[in-house]
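# Need a 3D model of the following:
(one chain, ligands or ions: 2)
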Amino acid sequence: MKFLDLARVVIRSGSGGGGCVSFRRDKFVEYGGPDGGDGGDGGDVWVEAVDGLNTLIDFRYQQHFFAKNGQPGMGRQRTGKDGDDITLRVPVGTEILDEDEETVIADLTQVGERVLLARGGNGGFGNLHFKTSTNQAPRRGNPGQPGIEREIWLRLKLIADAGLLGLPNAGKSTFLAATSNARPKIADYPFTTLHPNLGVVGVDEAEFVVADIPGLIEGAHEGRGIGDRFLGHVERCAVLLHLVDGTSEDVAADWETIIGELEAYGGELAEKPRITVLNKIDALDEEERAERQAALEEVAGPVMMMSGVSREGLLDVLRAMRRAIEAHRRGERDAVEEPGPWTP
Ligand SMILES: Nc1nc2c(ncn2[C@@H]2O[C@H](COP(=O)(O)OP(=O)(O)OP(=O)(O)O)[C@@H](O)[C@H]2O)c(=O)[nH]1
Ligand SMILES: [Mg+2]
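Ligands and ions are numbered 1, 2, ... in the order given. Presented below is the predicted three-dimensional model:
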């Protein structure tokens, strides 16, 4: 499986049971009966965003979701039982895509949001419904309608307030571990992080969610490395924190690599509010700090200085993130509360 955060599933709603055309058999003679019940409807297939999940991994083990068929109607006006519905339970932030892997059928952003993916087949009327004054026992009923089978894709975009960006080894996971409850793997080799980690960061009584994604490298948007698959995760963030490794020989080139990938990825990612940080300053002396800061600011504009290891500058960075997130939340709220067109 290429994408860890993408799953293909086949769903099928139940068929209707079919209405009953009631008749009794007595030896070789058939007597029409007037009282055939309706068929039960087939079960629907729903998808629902639930709390407490943050991966689609379960859908790698189960890929087929079939709702139950309705039962046929029976004589003496007995209706067939409806087939049970089924619900795919997915994390908040899951998009449902059509078979083409492009058309978005639904985008589940709230806990409890539910969308119908495939309606069960109609059960069909029994002959009771076709009774007329002249035909008291019609040999007629509706067949149950077939269920719908379709292939869909589930794609997860985690909903974090802030996303960490940087080359492999820039110190993203170290930052997340130093500031949140998350315990990501940290090591001195690239691509230590293979799938996104989320952490809840608390600063001055405010809380926000930070996503640590795998490092990006040049050509990531063409599939080099692994980070590009996860850029989708940071598309919804209020702010991006771009970490540049201060111990690198060429901090400006490192910065440009990431910005180049953001632009190549397209969408609004490159325009998103971004805080640029020169990281690992604990490993630099005064002169190196000033030199690297100047080199980075020449291409990136104002930068903040920080060390995830010694924690120097960490609080200022968290406060800057908090301000950006709160501004974003205010913006969203204002957009929602804006009065719509007047209607009598
Ligand atoms: N001196 C110093 N080293 C750091 C700092 N932050 C991280 N490191 C080291 O840099 C290396 C990479 O750190 P990670 O946090 O795993 O880096 P990452 O950006 O998550 O890397 P990937 O997951 O591979 O993209 C580790 O050896 C860390 O100990 C820092 O502030 N100062
Ligand atoms: Mg990492």
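# Can I take it that residue 18 is in a helix?
No. Residue 18 sits outside any helix when classified using DSSP: H, G, I helix; E, B strand; the rest coil, being coil.
# count of residues packed around the nearest residue to it once chain neighbours are set aside?
Spatially, and ignoring its direct neighbours in sequence, residue 18 is nearest to residue 144 (3.8 Å; C-beta to C-beta, 6 or more residues apart in numbering). In short, each C-beta sits where N, CA and C put it, glycine included. For residue 144, the count of nearby residues is 29 (other C-beta atoms under 10 Å).
# Is any residue of the longest helix along the chain near ligand 1?
As assigned by DSSP state H, the longest helix anywhere in the chain is helix 314-337. No. Against ligand 1, helix 314-337 shows no contacts by C-beta under 6 Å from any ligand atom, the least distance being 9.2 Å.
# May I see the buried residues of that helix?
Buried residues in helix 314-337, counted by 16 or more other C-beta atoms under 10 Å: 314, 317-318, 321-322, 324-325, 328.
# Now do it, average pLDDT.
Mean per-residue pLDDT for helix 314-337: 86.
# again with stretch 16-27
Averaging pLDDT along stretch 16-27 gives 81.
# For whichever strand or helix holds residue 208, give the mean pLDDT please.
Assigned by DSSP states H and E, residue 208 belongs to strand 206-212. Taken as a whole, strand 206-212 carries a mean pLDDT of 88.
# So which residues of this structure form helices?
58-61, 172-179, 231-234, 251-265, 286-300, 314-337.
# Next, format the ones you listed as JSON lines and append distance to residue 7.
Below are the helices of the chain laid out as JSON lines (distance: least, C-beta to C-beta, whole Å):
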{"stretch": "helix 58-61", "distance to residue 7": "4"}
{"stretch": "helix 172-179", "distance to residue 7": "25"}
{"stretch": "helix 231-234", "distance to residue 7": "14"}
{"stretch": "helix 251-265", "distance to residue 7": "22"}
{"stretch": "helix 286-300", "distance to residue 7": "37"}
{"stretch": "helix 314-337", "distance to residue 7": "29"}
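# Give me every residue in the chain lying close to ligand 1.
By C-beta under 6 Å from any ligand atom, the residues of the chain that approach ligand 1 are 166, 168-174, 186-188, 190-193, 214-215, 279-280, 282-283, 307-309.
# Cross these against strands and list the overlap.
Those of the residues of the chain next to ligand 1 mapping onto strands are residue 279, per DSSP state E.
# Any of the residues of the chain next to ligand 1 buried? List them.
Buried by 16+ other C-beta under 10 Å: 166, 168-174, 186, 192-193, 214-215, 279-280, 307-309, out of those.
# so which of those residues also contact ligand 2?
Contacts with ligand 2 are made by 172-173, 192-193 out of these, judged by C-beta under 5 Å from the ion.
# At the contact with ligand 2, which residues of this protein appear?
When proximity is defined as C-beta under 5 Å from the ion, the chain approaches ligand 2 at 172-173, 192-193.
# Can you report how many residues neighbour residue 65?
Neighbours of residue 65 (other C-beta under 10 Å): 20.
# nope, residue 66 is what I was after
Other residues near residue 66 come to 17 when the count uses other C-beta under 10 Å.
# Next: residue 199.
23.
# so what's it scoring on pLDDT?
Residue 199 carries a pLDDT value of 86.
# bridging residues for the residue lying closest to residue 64 once chain neighbours are set aside?
Excluding the flanking residues, the one nearest residue 64 by C-beta to C-beta, 6+ apart is residue 10, at 5.1 Å. Beta-bridge pairing for residue 10 (DSSP bridges): residue 64, residue 151.
# Go ahead and flag the most central residue of the chain.
Among the residues of the chain, the one closest to the centroid is residue 94, at 2.0 Å (C-alpha atoms, centre = their mean).
# Pretty sure that one sits against residue 56.
Yes. Checked against C-beta atoms under 8 Å, the pair residue 94 and residue 56 is within contact range at 7.0 Å.
# intersection of neighbour lists for the two?
154-156 (C-beta atoms under 8 Å, 6 or more residues apart in numbering).
# any idea which of those residues has the most stuff around it?
Highest neighbour count within the shared contacts of residue 94 and residue 56, by other C-beta under 10 Å: residue 156, with 26 neighbours.
# For that residue, give me its contacts.
5-6, 54-56, 90-91, 93-95, 233.
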